[in-house]
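S.K.: Need a 3D model of the sequence below.
(2 chains)
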Amino acid sequence: MSDVKQTNFSRRGFLKGAGLTAAGTLLEHAEALTAEVKKAVHEPATVGPDGVAVRLHINGHLHATTVEPRDTLATTLRDQLGLTGTKVVCDRGACSACTVWIDGTPQLACMTLTLDIGDKKVTTIEGLSEGDSLHPVQAAFLKHDAMQCGFCTPGMVMACASLMKRNPHPTRPEVAHAISGNLCRCGTYPRIFDAMDDLSKNGSTSRAGLVMPRTMQEV
Amino acid sequence: MADEAMVLEAQAQQEKQRKEGVKGEAKPTRDAESSDAKKPPAKDVSQTKTASVLFGIPQLGLTHVDRQVPADEPPPLPENAKLKYVGRPTVRYDGAAKASGRGKYTADIHLPGMLYAYMLGANVPHGRIQSVDTSAAERYPGVKAVHVIEHDYGGSAELRDPKEETPSRYPVVRYAGQPIAAVAATSQSIAEDAAKLIQVKYDPMPFVVDRMDARQADAPLVFPGPADAAGSAGGGGGPKDVPQTGNVHGPEKKTKGDIEAGFKEADVVVESEYFTQVQTHSALETHGFVADWKPDELTVYASTQGTASVRDEFAEVFKLPKSKIRVITEFMGGGFGAKFGAGNEGVVAANLSRKAGAPVRLMLDRRQEHIVSNRPDSHQKLRIGAKRDGTLTAIELISYGTAGVGTGAGTAGPATNLYKCANIHTEENDVFINAGPGAAFRAPGHPQGSFAFEQTIDELAVKLDLDPLELRERIDESPARKVERQIIREKSNWRNRRPAASDTGPIKRGMGIAQSVWYRFVDMDSSCEVRVSKDGSVEVLSAVQDIGGGTKTILAQVVAEEFGIPPQTVQVRVGDTRFPIGPNSGGSVTAGSITPAIRNTAWQAKQKFLQTVAPALGTSADNLDLRDGNVVWKDNARSVSLRSAAAKMPTSEIAARTMRVPDYEKARLLYGGVDCVELAVDTETGRVHIERVFGVHDCGRPINPTGVISQVHGGILQGISYALFEQRVMDRQKGYMLNANLESYKIIGAREVPEIQVELIENYIGQSSTDAAGIGESAGIITLAAAIGNAFYNATGVRMRSIPMTPSNVLAALGKTSGEMTV
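M.R.: Presented below is the predicted three-dimensional model:
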């Protein structure tokens, strides 16, 4: 069985316990730590390999689930919570298909351990738009056909929407820089540039005309 | 523009091409073979009618030709400019689902009780398996099923005479990573952990992973005797009736005319040698399946380019009736030729599901994706003879390429199809090495072939002191290419092209072109059903899959055109074998195969609908049409909404279903394009920077020009990526792929994208009720490496004889380093 335990932690850098996560958060407020918490920080309880209960703030909702310490956020989102809009392509931080926002900053879900999320707020592609309406970046992608197979699209949209928050009028080189980590095999980059150029010049007005109802329109 | 003489000449040439056919072309895909096998029934004149159908290219003037067509064929369509929805830029039908993450790909499918699977690959490049011990994996908590592979379905060649190898329970391992066994467990990580506990004992054998080494007389043999590989539904595979010497499978010889006489006739002869590397497909969604084995039906979600091809292989492997197999592909994350049939991963997923009694998801990991398929490499020697005026008198091509343990490395497509030449001789050889099997990859054989052939044509232009466009003007008979070159001349920067090596500084700029052709293949297994419901809603159903090319959108457009309703209001249901059969998406067959079936079915459904509601509307069906969401009277200004007319249907639903009818005439037709590249070469760093690409392409009648141009962008960018960055690197000591990932196997990113301009021409051929064709193959992937090579020469005066044009290869070619090129 000892073999089994070793291989159980074979994925990227196994985490001794959730205590490390707690430590990261709590050390910022070291003065407020009780002696008991200090002890926990210095002698973290071993967590796993069995499931650990977590509560995650995702797209404005609190989700309670159980994860393995080695689970990445991408795995948790996709396999535990059914949020499959976040795609896994390279699973090692090379392609940015799994881009989500953590506390508003684009991050790679495949390179983030779920236990490290703590109280941080996660936004996924599913949380970018409300109901049947589209985020301006999504509407611009639709208008300019900035997708083919669509597998890189959620990551591209998350990267571009983040750019628009920081810089509402990006130039083409700025867009290229923002998505320089996002790989697309179909070659949709030129259309993405067109979409972002439209948004940059005309703002988010294109949203109104392009809301696509999920249900069939009346004939 | 519409000079009558030019029109007549163009028509005569196109007719001639059609009658003569083009001999000695590259291997057709299995689609083409099978559609040849399904001979159209002899035409019974009583069941046909004469139709005057559109013909020609608008820039050369449009005309009409008479065709015998089936009696129930819908009226011929006019040109795109006269249509309301077909030919108009149209929003991608499933774009909102893709942009919002709602679209469910195979990798996203989660069924109740579903297990996760992982395949263990061989860690030796060549060897016989002595034993496979799965006991530790079976005991591992969370494991529900283990399967050991006893037959390989991965596309490897198979011995013509299996007796040349000692029988074994397990397939012989011929490449590192070849799947051996798999585990299904309650989580992906448990499956991966458990798979690593499987103990495999090998008798290792000598191996070879380099094409040149494998051709040596004393090279380790990948197969102990002659071996052949079948192509997939997407093409690939090599010839079967060729000799094999050692690891060299071939040559496959094709001859037209008298090659020696051709060289004697020549005033000039150009000889050249070119090398291309192995490229991996790198689709973002890896190959994968969710298999749900139930006693009464096997349901398979597949990341595939052919729901029909998947069902076929599952039926064959598991001896199941096709009626008991359901294949679903609603969203698909890229294939590029690599995803047909069940493959090892599909067969293993189904076996695990049967054993575990639960649905199983098996997606390859990224490393496996790089190993299981590729575009073969090439080493090509070309000899072209020509008259002073450019007339080609002889083309000779000798090529060697490796498709690993598979075949299909032929490169003769461009040399045998692009230009007029009476004497052509080609010899194509596959070289077996211990690496993953090659597979169809976007225009199989053509990017390699074009890199050598279109650069050699430019070498000829230099020798004849002719402008490369002018030389092609003299040797190319295609009216479409003629129009495309004219547009390049008028609208690109070609007129500003300078003599070779004009820049004196370290940054040297240049311009080059290359042309492509691809074949018109039709898959007769193209069918659909169109339904009209009593509430006026319209649905189209077909098993055809949308692999990202926008098939759903063009289906909606074609139905919309017949019913006079916006495409977004047509409900498109595809990618499910419960619907009428659809074509496998390989070789650019989809649009040309399925859209005539869609149109004919929609037209028939519309006739049925009008006949059904006409009495209630107090007129005859002949007097009614559908337009702008209304039923309109032809003889007066009356109209009622489609919805209110549908409410008068006596039944809840009216439906029609048809199969693809054969093309109106037996013909060999080619599509293609011309691409012009502008680039800068930094002769100090060796970096090649593509600055601008101007492409002009044709694909019959474009149904959605937006989607077509998007695909051309993709072809151009994959072509740049192939020419500059991509390269499989094999470890010669250990025999495995070193860069089976997306950080060291480089594909093009946003910052390497040049300014791209694409124009489409319409090319009506009078062959079907839509005259559409696919663009996937001819969309730039064929031309770009060659056009970049030609531009590189124009910039530097030096020929790049191998790709990828990495800085080190470029510096070596420029004589700046003593380093050897890595190909």
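
S.K.: C-alpha from now on. contacts and neighbour counts both.
M.R.: OK.

S.K.: B:Arg668 against B:Arg520, yeah?
M.R.: Yes: counting by Cα atoms under 8 Å, B:Arg668 does reach B:Arg520; the two are 7.1 Å apart.

S.K.: Between the two, which is the more surrounded one?
M.R.: Under the neighbour definition other Cα atoms under 10 Å in any protein chain shown, B:Arg668 and B:Arg520 were set side by side, and B:Arg520 has more, 20 against 15.

S.K.: residues touching the more buried one, list them.
M.R.: Neighbour list for B:Arg520: B:588-589, B:592, B:668-671, B:773 [criterion: Cα atoms under 8 Å, 6 or more residues apart in numbering or on different chains].

S.K.: Selection in ChimeraX covering whichever of those residues are buried, please.
M.R.: In ChimeraX, this line selects whichever of these come out buried by 16 or more other Cα atoms under 10 Å in any protein chain shown:
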select /B:588,589,592,669,670,671,773
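
S.K.: between the contacts of B:Arg520, which is nearest chain A?
M.R.: Comparing the contacts of B:Arg520 against chain A with Cα to the nearest Cα places B:Ser588 closest, at 15.1 Å.

S.K.: Quick check: nearest residue in space to the closest one, chain neighbours excluded?
M.R.: Spatially, and ignoring its direct neighbours in sequence, B:Ser588 is nearest to B:Gly774 (4.4 Å; Cα to Cα, 6 or more residues apart in numbering or on different chains).

S.K.: In three-state terms, label the spatially most central residue of chain A for me.
M.R.: In chain A, the residue lying closest to the centroid (Cα atoms, centre = their mean) is A:Val100, at 1.8 Å. At A:Val100 the chain is in strand, as set by DSSP: H, G, I helix; E, B strand; the rest coil.

S.K.: thinking it is in contact with A:Leu108, fair?
M.R.: Yes: if you go by Cα under 8 Å, A:Val100 and A:Leu108 touch, sitting 6.3 Å apart.

S.K.: Show me where chain A has its strands.
M.R.: If DSSP state E is used as the criterion, the strands of chain A fall at A:52-58, A:61-67, A:99-102, A:105-108, A:121-123.

S.K.: winner for burial among those?
M.R.: strand A:99-102 (a mean of 26; mean count of other Cα atoms under 10 Å in any protein chain shown).

S.K.: Show residues contacting that one.
M.R.: A:86, A:106-109, A:120-125, A:154-156, A:158-159.

S.K.: any idea which helix or strand comes after the lowest-mean-pLDDT helix or strand in chain B?
M.R.: Lowest on mean pLDDT, DSSP states H and E among the helices and strands of chain B sits helix B:30-37, with a mean of 39. Downstream of helix B:30-37, the first helix or strand assigned by DSSP states H and E is strand B:48-57.

S.K.: And that next one, what's buried?
M.R.: B:49, B:51-57.

S.K.: mind checking how far the helix or strand following that strand is from the chain centre?
M.R.: On the C-terminal side of strand B:48-57, the closest following helix or strand by DSSP H and E is strand B:61-70. From the chain centre to the centre of strand B:61-70 is a distance of 29 Å (Cα atoms, centre = their mean, to the nearest Å).
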